[in-house]
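>>> Okay, predicted coordinates and the sequence, questions at the end:
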Amino acid sequence: MTFRNKFITVIAIIVLCLSFALCGCAALIKVDDAHYQNADATLINPDADDCAKELMRYLKSVYGKNVIAGQYINEYENFDAPQFHTDENDPSSPRTVFKANELQAVYSVTGEYPALLGLDVSGIECGDSCYSIEQAIEWHNAGGIVTMCWHWKIDNLDGKPRAFYTEETDFNLKKTLADKNSARYRSLIADIDAVANAMKPLAEAGVPILWRPLHEASGGWFWWGASGKNAYKELWNILYDRMTNVHKLNNLIWVYNGQDKSWYVGDDKCDIIGDDPYYDYNERKYYLKDTANSVRFKENYDTSQNKMIMMSENDFVFDIDKAFEENTRWLTFCTWCREFVCVYEPDENGNRYTQPIYSEKCSTAAELKAAYDNEKTITLSRLLESGEYKTK
């Protein structure tokens with residue numbers, strides 16, 4: 001082997017080692033036991049309502065000791081359909097969120113409802129029907145906890161349908177923020193105002209919300225992340241200021257979900273860190289490589305050691321005992337809706353619809369039941385039995 005070839009070989013080995021080191025850096029991070037005790041429970045909003053303070057107090061009291069079970073329900077469901085009424089044969093009977101297909105599917109397997117309900121306010125900005133506000137109030141009144149995201153369908157002001165996916169819109173956040181006198185910027189603010197006004201009944205009813213806007217930003221698949229981290233952070237600050245200082249939504253607990261350390265808005269700009277650790281293409285072989293999702297937990301711990309860390313969305317429910325063994329103790333899990341838990345099939349017209357039947361697309365029925373049966377898991381019934389969270 002010539003000197004030149006030896007040199008090239010050495011360089012290749014160094015590069016390979018560095019690659020392994022960089023890829024495995026999160027795995028090498030050690031989570032300090034004190035993290036669970038020292039994580040901040042003080043809300044960033046100095047005018048936070050008592051209901052938000054009470055929820056934050058409760059979350060801190062169980063962090064590192066328990067895992068709160070969560071489930072999203074279909075944000076596109078027609079909640080007026082007969083199946084969601086207490087009496088399917090009486091359309092005048094009250095609607096109830098407990099008959100949501102995802103909740104029925106989970107209950108059919110576990111005999112339990114989750115303590116945490118996931119909802120989406122998408123569509124309010126378009127003037128569409130959205131049942132998430134009434135569903136959140138019902139869930140809260142039943143003693144549960146609510147988290148909300150927003151698949152923000154932006155108006156490109158070109159007559160085309162609004163959209164939240166980057167590939168489906170020409171909206172450019174960076175350009176919009178550069179001209180705050182533009183029609184697009186005014187439209188941006190109008191959307192925030194529309195959603196904030198729709199959410200005011202939650203504040204009035206004393207319903208605290210784990211509010212997770214602008215989610216999964218660093219992925220770039222949503223328009224709010226497509227212009228880069230600086231534009232995203234600016235929009236985060238605008239959204240916080242508008243909803244908190246203008247609309248006085250003091251019931252919100254702000255969950256950062258940028259999913260990249262360099263995109264972090266800062267300890268003074270969020271209350272909790274959320275992460276959505278989907279395994280590639282929802283494939284079991286990737287899940288089996290890290291059933292505790294400990295690598296992703298450590299990445300978030302590396303982002304800030306001062307914040308509680310929740311799994312704000314997921315496909316597979318992580319192995320709770322394994323996560324505790326590895327000292328990566330997620331505050332929650334919150335499985336995504338539709339086909340992630342339900343049979344999701346086409347009808348006679350080819351339109352797919354959700355059925356209240358459990359699907360094993362990700363976690364098997366046995367794995368889901370094991371997660372809900374785990375003594376560390378907080379379900380709705382256990383939350384109520386403990387009496388430790390006061391919703392009134």
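Thanks, I have the structure now. Numbers count the residues shown, from 1 in each chain.

>>> Quick check: chain neighbours aside, which residue is closest to the residue nearest the centre of the chain?
In the chain, the centroid-proximal residue (C-alpha atoms, centre = their mean) is residue 312; its distance is 3.3 Å. Residue nearest to residue 312 in three dimensions, not counting chain neighbours: residue 274, with 3.2 Å by C-beta to C-beta, 6 or more residues apart in numbering. For the C-beta atoms, the positions are set from N, CA and C on the backbone; glycine is no exception.

>>> The stretch of helix or strand the one you found belongs to packs against which elements?
Using DSSP states H and E, residue 274 falls within strand 272-275. Applying 3 or more C-beta pairs under 8 Å, 6 or more residues apart in numbering; DSSP states H and E, we find strand 272-275 packed against strand 252-256, helix 294-303, strand 308-311.

>>> distance of the residue nearest to residue 312 from residue 80?
31 Å (C-beta to C-beta, to the nearest Å).

>>> From the neighbour counts alone, determine which of the two ranks first.
residue 274 (28 against 11; other C-beta atoms under 10 Å).

>>> and residue 54, what element?
Going by DSSP H and E, residue 54 is in helix 50-62.

>>> Contacts only, for the residue nearest to residue 301 when sequence neighbours are not counted.
Distance criterion C-beta to C-beta, 6+ apart; nearest residue to residue 301, sequence neighbours excluded, is residue 31 at 5.4 Å. Residue 31 makes contacts with 297-298, 301, 327-328, as judged by C-beta atoms under 8 Å, 6 or more residues apart in numbering.

>>> just to revisit the earlier point, can I get the helices and strands packed on strand 272-275 in JSON lines with mean neighbour count?
What follows is those, written out as JSON lines (neighbours: other C-beta atoms under 10 Å):
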{"stretch": "strand 252-256", "mean neighbour count": "25"}
{"stretch": "helix 294-303", "mean neighbour count": "21"}
{"stretch": "strand 308-311", "mean neighbour count": "26"}
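
>>> Can you say which of these is nearest to residue 223?
Relative to residue 223, the nearest member of the helices and strands packed on strand 272-275 by C-beta to C-beta is strand 252-256, separated by 18.2 Å.

>>> between the closest one and helix 294-303, how big is the angle?
Strand 252-256 and helix 294-303 meet at an angle of 110 degrees, taking axes from the mean of the first three to the mean of the last three C-alpha atoms, to 10 degrees as the criterion.

>>> Hey, what's the angle from strand 252-256 to helix 50-62? Just curious.
Going by the same axes, to 10 degrees, strand 252-256 makes 50 degrees with helix 50-62.

>>> For strand 252-256, list the C-alpha coordinates in CSV.
Extracted C-alpha coordinates of strand 252-256, given in CSV (Å, rounded to 0.1, in the frame of the first residue of the first chain):
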residue,chain,number,x,y,z
LEU,A,252,-52.3,27.9,27.8
ILE,A,253,-49.2,25.9,28.6
TRP,A,254,-46.8,26.4,25.7
VAL,A,255,-45.2,23.2,24.3
TYR,A,256,-42.2,23.7,22.0
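
>>> Now for residue 356, how many residues are close by?
With other C-beta under 10 Å as criterion, residue 356 counts 18.

>>> what secondary structure does residue 128 sit in?
Residue 128 carries the three-state label coil when classified by DSSP: H, G, I helix; E, B strand; the rest coil.
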